[in-house]
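Participant: Could you work out the structure for the sequence below:
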Amino acid sequence: MTATAARLTALGRAELTLLSRNRNNLFIALLMPVLMIFLLRQSLSGLDDDKVPMGIGGATLVGGTGMVLMLVVYMSLVSTLVARRDELVLKRLRTGEARDIEILAGGALPATVIALVQCAVLTVAGPFALDTAAPDRPDLLILGVLGGIVLLAALATVTTVITRSVESAGLTTLPFFLVSSVGSGLMLPAGSLPDPLAAVCSLLPLSGVMDLIRAGWLGVAEVGAKDLLGAGITTVAWIVLSVFAVQRWFRWEPRR
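Facilitator: Numbering: from 1, shown residues only. Now for the predicted structure:
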């Protein structure tokens with residue numbers, strides 16, 4: 001094991017221990033996605049068939065995958081990083097051997113593992129539970145999930161800049177959650193939006209990821225090859241912008 005891998009493992013293990021002691025974050029990471037997928041299934045059942053051409057089961061699996069990433073990676077990681085910042089843990093870690101990227105990656109490791117496990121369970125058990133087909137393009141589904149994890153981890157780190165305390169994390173993460181739920185296709189199928197609004201929403205941070213996930217579950221024809229290329233470009237662009245924002249504005253200690 002290399003020195004970098006050893007440091008990441010140690011940081012991830014320590015963060016996982018702290019996560020297990022925080023019932024609020026543990027609830028968000030483990031139980032909230034299950035609850036939200038159930039609510040998503042119930043809300044989709046009330047829509048007309050013409051608004052859900054992919055079927056209720058398919059829409060639930062697509063939106064459920066995005067919901068897992070949003071809740072487990074983005075929302076829980078914001079709270080985690082703010083808590084470690086305010087406890088001066090991040091500042092103390094910078095005095096050691098670990099590099100900045102290793103500290104942030106180690107902090108995101110437990111959320112990443114939990115998200116991957118939950119997505120894997122949803123991929124295996126979801127088609128049986130909802131009576132739908134297995135993923136049509138598993139490669140695109142994996143690419144979308146991994147891209148979503150990287151993007152949402154970076155966006156979570158950026159969001160800590162405007163989050164003054166753990167208590168306010170729920171407020172600072174809410175706008176992005178709501179906008180993505182409607183505009184990026186988490187709660188509502190993207191095809192249910194009017195064309196002009198859908199064109200604008202396709203540029204939202206999570207829209208490219210959701211297009212990749214949708215193509216992974218339902219096939220390239222559901223998204224379109226040209227739109228799929230645009231989804232990949234949009235995702236990479238937002239990752240680059242988010243990483244730049246982290247390097248430029250991330251705070252390693254609380255405001256005085």
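Participant: any idea how far stretch 125-132 is from the chain center?
Facilitator: Averaged C-alpha coordinates place stretch 125-132 at 22 Å from its chain's average position (Cα atoms, centre = their mean, to the nearest Å).
Participant: which of the residues in that stretch are buried?
Facilitator: Of all the residues in stretch 125-132, those buried under the rule 16 or more other Cβ atoms under 10 Å are 126-127, 130, 132. All C-beta atoms are positioned from the backbone trio N, CA, C, and that covers glycine.
Participant: now the one helix or strand L146 maps to, how far from the centre of its chain.
Facilitator: L146 is part of helix 138-159 when elements are defined by DSSP states H and E. Between the centre of helix 138-159 and the centre of its chain there are 6 Å (Cα atoms, centre = their mean).
Participant: same check, this time on stretch 153-162
Facilitator: Taking Cα atoms, centre = their mean, one finds stretch 153-162 lying 12 Å from the centre of the chain it belongs to.
Participant: for stretch 163-172, same thing?
Facilitator: On the basis of Cα atoms, centre = their mean, stretch 163-172 is displaced by 18 Å from the centre of the chain it belongs to.
Participant: Next step: the buried residues of stretch 125-132 restricted to helices.
Facilitator: Taking DSSP state H as the definition of helices, the buried residues of stretch 125-132 contribute 126-127, 130.
Participant: sorry, back to before: sort the buried residues of stretch 125-132 by pLDDT and name the bottom one.
Facilitator: pLDDT across the buried residues of stretch 125-132 is at its lowest for L130, which sits at 78.
Participant: thought it was touching G57?
Facilitator: Yes: in terms of Cβ atoms under 8 Å, L130 counts as a neighbour of G57; the distance is 3.6 Å.
Participant: Mind putting the ones in helices among the buried residues of stretch 125-132 into JSON lines with distance to V243?
Facilitator: Compiled in JSON lines, those are given as follows (distance: Cβ to Cβ, whole Å):
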{"residue": "G126", "distance to V243": "31"}
{"residue": "P127", "distance to V243": "35"}
{"residue": "L130", "distance to V243": "36"}
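Participant: which residues in this protein form helices?
Facilitator: Listed in chain order (using DSSP H), the helices of the chain are 3-21, 23-30, 32-44, 56-68, 76-86, 89-93, 100-130, 138-159, 169-183, 195-201, 207-218, 220-223, 225-249.
Participant: right, so these: which one is the most enclosed?
Facilitator: Neighbour counts averaged per stretch over the helices of the chain are highest for helix 207-218, at a mean of 28; criterion: mean count of other Cβ atoms under 10 Å.
Participant: and that helix, what does it pack onto?
Facilitator: Contacts of helix 207-218 with other secondary structure elements, assessed using 3 or more Cβ pairs under 8 Å, 6 or more residues apart in numbering; DSSP states H and E, are made with helix 56-68, helix 138-159, helix 220-223, helix 225-249.
Participant: Among those helices, which comes closest to M75?
Facilitator: helix 138-159 (7.7 Å; Cβ to Cβ).
Participant: got the angle for the closest one vs helix 225-249?
Facilitator: An angle of 30 degrees separates the directions of helix 138-159 and helix 225-249 when computed by axes from the mean of the first three to the mean of the last three Cα atoms, to 10 degrees.
Participant: rank the helices and strands packed on helix 207-218 by pLDDT, which is bottom?
Facilitator: Ranked by mean pLDDT, those end with helix 220-223 at the bottom, a mean of 75.
Participant: From the contact counts, what lies against it?
Facilitator: Here helix 220-223 touches helix 207-218, going by 3+ Cβ pairs under 8 Å, 6+ apart.
Participant: Name the surrounding residues that touch the helix it packs on.
Facilitator: Judged by Cβ atoms under 8 Å, 6 or more residues apart in numbering, the contacts made with helix 207-218 from elsewhere in the structure are 54, 58, 61-62, 65-66, 69, 135-145, 147-148, 151, 183-186, 190, 201-202, 222-223, 227-228, 230-235, 238.
Participant: C-alpha coordinates for that helix, PDB please?
Facilitator: Taking Å, rounded to 0.1, in the frame of the first residue of the first chain, the C-alpha atoms of helix 207-218 are listed here in PDB:
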ATOM      1  CA  SER A 207     -28.400  17.500 -15.500                       C
ATOM      2  CA  GLY A 208     -25.500  15.900 -17.400                       C
ATOM      3  CA  VAL A 209     -25.100  13.200 -14.700                       C
ATOM      4  CA  MET A 210     -28.800  12.400 -14.700                       C
ATOM      5  CA  ASP A 211     -28.700  12.000 -18.500                       C
ATOM      6  CA  LEU A 212     -25.900   9.500 -18.200                       C
ATOM      7  CA  ILE A 213     -27.800   7.700 -15.500                       C
ATOM      8  CA  ARG A 214     -31.000   7.700 -17.600                       C
ATOM      9  CA  ALA A 215     -29.100   6.300 -20.600                       C
ATOM     10  CA  GLY A 216     -27.600   3.700 -18.300                       C
ATOM     11  CA  TRP A 217     -30.900   2.500 -17.100                       C
ATOM     12  CA  LEU A 218     -33.100   2.900 -20.200                       C
END
